[in-house]
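Q: Here is the input, now give the coordinates:
(chains A and B)
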Amino acid sequence: MSARLTVCVGGGGVGKTTTSAALALQLARAGARTLVLTVDPARRLADALGVAIGQAAAPVTICPHAAGRFFARMPDTRGSMGELMEWVFEDPEPRARVLSNPAYRELADALAGMHELLTVTLLQHEANSGRYDEIVLDTAPSRNALAFLTFPQRFLELLEAKALGWLAALSGGLQGGPPSSRRGRLGFFAWGRAKVESLFGRIVGVEALRNLSALFAELINARGRWAELVRESDRLLRAPTTRYFVVGAPSGGAVSDVLFLLGALERRKVRPAAVVLNRSEAGVPPVEREVQALLDARPGLVPAADEAALRGALQGLALEHRARAASADAAARALAARAPRGVPLYRLPFVGPASPPEIVLGLADAWQALFDSRPADAP
Amino acid sequence: MTFVTGKGGVGKSTVAGALALRAAREGARAALVEFDDGEAGARALRGADAEVGHVVVDYDAALEEAVAGVLGGALMARTLLGHGAVRRLVKAMPALREFVSLEKVRSLVAAGAFDRVVVDLPASGHAVDWLRVPGAFERFLLGGPLGALGRRLREELIAEGKSDLVLVTLAEPLVMRETEDLAGRLRGELGRGATLVVVNRVARPDPPGAAEAAERLASAAPGVAAPASFAGLLRARSALASEGTRALAMARAVEAAALAALPEAAADPPAVDVARWLEEGALAA
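A: Prediction:
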């Protein structure tokens, strides 16, 4: 049985990873075996949750009420390339050829799209493991976060279209002279093609073209595996039970990231389950109001120097609250005006000052309160 | 030329805008270069009091330009890029984006229309990954024209002394640790150090003794719960402030040529303010 998937997307610096971890914790506290899978993890959160980057899923022990049900995995995509190749090339011989191809060695790290492929592979592996009821996917903090939705498909198209067959065949032609020389009759299309080939060879260089060509020939041979990957990931990412949350925070940049991602989801015909506005503070918290009231009501309760220090601290805090609440309200208005009709806006509080695990716990409580007040949206 | 980098949400674009603005105020023809939709730079430069060129790199146009440069003609570039197979290949080869974007920056600098070019690197992926791309192309496409361009990019943009590298970070030990890692990788993999580390959003401290005062208030009013929680809050804030101090000490240890600390402010301060803070050296060590 496949786990139910929740995908959190958002720009950088909005607290998306913490928010995702908190959601996973809340799902675990409610009884579901839950995994949070963080792409491009920050070491700080890994440290805070006690998870080692690059290792298998590990239990997170920050909350006793989720004991045995809350797991986290923070893959190191850089280190997981080998794992992917192992999956794609079951036969060790072509695998070894790919791994030792100079084109692969230089490009594997740099190919950003590979992160997307890896994410999808890991996701699928965990979803089908039968170990979890819920998986929360925390995507890379970027406007391109949704690339993983389409990258496998794009890659497959590349392999299936004649594009790569063409490239893979070039190395043969390269042995003796320019690629086009092996063609005798030149019709118009063949002429155009020969022209493109020679331009391509000119720009890339002969040696590199030979390596690239050999690499793609191997990739094409394994296209059945790639197709399987694409089919499975599409099924998972487009399952009717899969939910997408777009996470933002109160700043102009974060709001425009949310709007961009909403547009990107719409283009892919995916309806978001909610827009989540993190660090969305409402105003001065009760504790500070009560201390203020106490100082006003009973002057002389503490020495004058103490009173001055307390009033100074309250004043500083009030300024912070006012600035944050104003940004939060502005962000909420901007999002409410431009989010698709009927998509709810969840406001999560500003939790702080606190350590990362405390923030995760605080936000998990906020998720719980949110689901209590909106039973229809609850998992 | 200046590369500005940092993880998402640390205020990287605003700092990049402020650096360009500062150069413009000193009379330089300055440009801010970014690779997204240009929205972040436009917001940062709102209300700027000196003229800053704002260059938003369009990937497709930059790709055609780069290929035309290598092949020696726009028509040939269009023929090649118009071919279905090549188009698919280009789409599925994302390191090309970094490469082409850097080539655009190089040609912008070489064109000589600006004295100062500040590049706001994308937040996703690390600066190291971006700046390593020319070297990777150089090694992999050895002997070919793209490989030669890779070497040129490395020599003209990335080598020590050719560009400034600004790391934007926050005054939190955990974020700072990532910045230390980044600085280490820059040294190890690119052989160069940071020019400036900007520690953003350094919290203003509460009045001294406020937490103790709240504790005394709690014992003076035993029936009320709020003062005790308030004392807890103030203690947590003071712990955070001393963490900030510790983070600043870590920033000093990064061995950048310079260090600046900026105060915490409401969301999205304009580049004008940030430029002023940088000039004042605000909280600089």
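
Q: Provide a list of residues in contact with the closest residue to chain A within the stretch 51-200 of chain B.
A: In the stretch 51-200 of chain B, the residue that lies nearest chain A is B:G144 (1.8 Å; Cβ to the nearest Cβ). All C-beta spots, glycine's among them, are computed from the backbone N, C-alpha and C. By Cβ atoms under 8 Å, 6 or more residues apart in numbering or on different chains, the residues touching B:G144 are A:203-209.

Q: hmm, try it at 7 Å
A: A:204-205, A:208 (Cβ atoms under 7 Å, 6 or more residues apart in numbering or on different chains).

Q: same deal with B:D49?
A: Per Cβ under 7 Å, 6+ apart, neighbours of B:D49: B:V272.

Q: B:L142: which element?
A: Using DSSP states H and E, B:L142 sits within no helix or strand.

Q: so how many other residues sit close to it?
A: Counted by other Cβ atoms under 10 Å in any protein chain shown, the residues lying close to B:L142 total 17.

Q: hang on, it packs against A:L209?
A: No: between B:L142 and A:L209 there is no contact under Cβ atoms under 7 Å: 11.6 Å.

Q: quick revisit: and which of the contacts of B:G144 is nearest to chain B?
A: Looking across the contacts of B:G144 and measuring by Cβ to the nearest Cβ, the closest to chain B is A:G205, at 1.8 Å.

Q: Test my guess that the closest one contacts B:F140.
A: No: applying Cβ under 7 Å as the test, A:G205 and B:F140 come out as separate, 9.4 Å apart.

Q: Quick check: the gap between B:E103 and B:L96.
A: Between B:E103 and B:L96 the distance is 10 Å, computed by Cβ to Cβ, to the nearest Å.

Q: residues touching A:R33, list them.
A: By Cβ under 7 Å, 6+ apart, the contact list for A:R33 reads A:69, A:131-133.

Q: Mind telling me what element residue 194 is part of?
A: Since no chain was named, I'll use chain A. helix A:188-204.

Q: Could you give me the buried positions within the next helix or strand along the chain from that helix?
A: Downstream of helix A:188-204, the first helix or strand assigned by DSSP H and E is helix A:206-221. By neighbour count on 16 or more other Cβ atoms under 10 Å in any protein chain shown, the buried set for helix A:206-221 is A:207-220.

Q: Show me what helix A:206-221 is packed against.
A: Judged by 3 or more Cβ pairs under 7 Å, 6 or more residues apart in numbering or on different chains; DSSP states H and E, the packing partners of helix A:206-221 are helix A:92-100, helix A:102-110, helix A:162-174.

Q: Save the contacts of B:G144 as TSV, and put in distance to B:A194 and pLDDT too.
A: What follows is these, written out as TSV (distance: Cβ to Cβ, whole Å; pLDDT from 0 to 100):
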residue	distance to B:A194	pLDDT
A:V204	34	76
A:G205	34	77
A:A208	32	76
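
Q: circling back to that earlier point, from the contacts of A:R33, which two are the most distant?
A: Spatial extent of the contacts of A:R33 (Cβ to Cβ) is set by the pair A:R69 and A:R131 at 10.5 Å.

Q: ok, these two, which is more surrounded?
A: Using other Cβ under 10 Å, the more surrounded residue of A:R69 and A:R131 is A:R69, with 23 against 13.

Q: re the thing from before, now, which of the buried residues of helix A:206-221 sits nearest chain B?
A: Distances from chain B to those, taken as Cβ to the nearest Cβ, are shortest for A:A208 (4.4 Å).

Q: which residues touch the nearest residue to that closest one once chain neighbours are set aside?
A: Closest residue to A:A208 apart from its sequence neighbours, by Cβ to Cβ, 6 or more residues apart in numbering or on different chains: B:L141 at 4.4 Å. Under the criterion of Cβ under 7 Å, 6+ apart, the contact list for B:L141 reads A:204-205, A:208, B:147, B:150.

Q: rerun at 6 Å
A: Going by Cβ atoms under 6 Å, 6 or more residues apart in numbering or on different chains, B:L141 touches A:205, A:208, B:147.

Q: Quick one: those residues as TSV, columns for distance to B:G11 too.
A: Shown next, in TSV, are the contacts of B:L141 (distance: Cβ to Cβ, whole Å):
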residue	distance to B:G11
A:G205	41
A:A208	40
B:G147	37
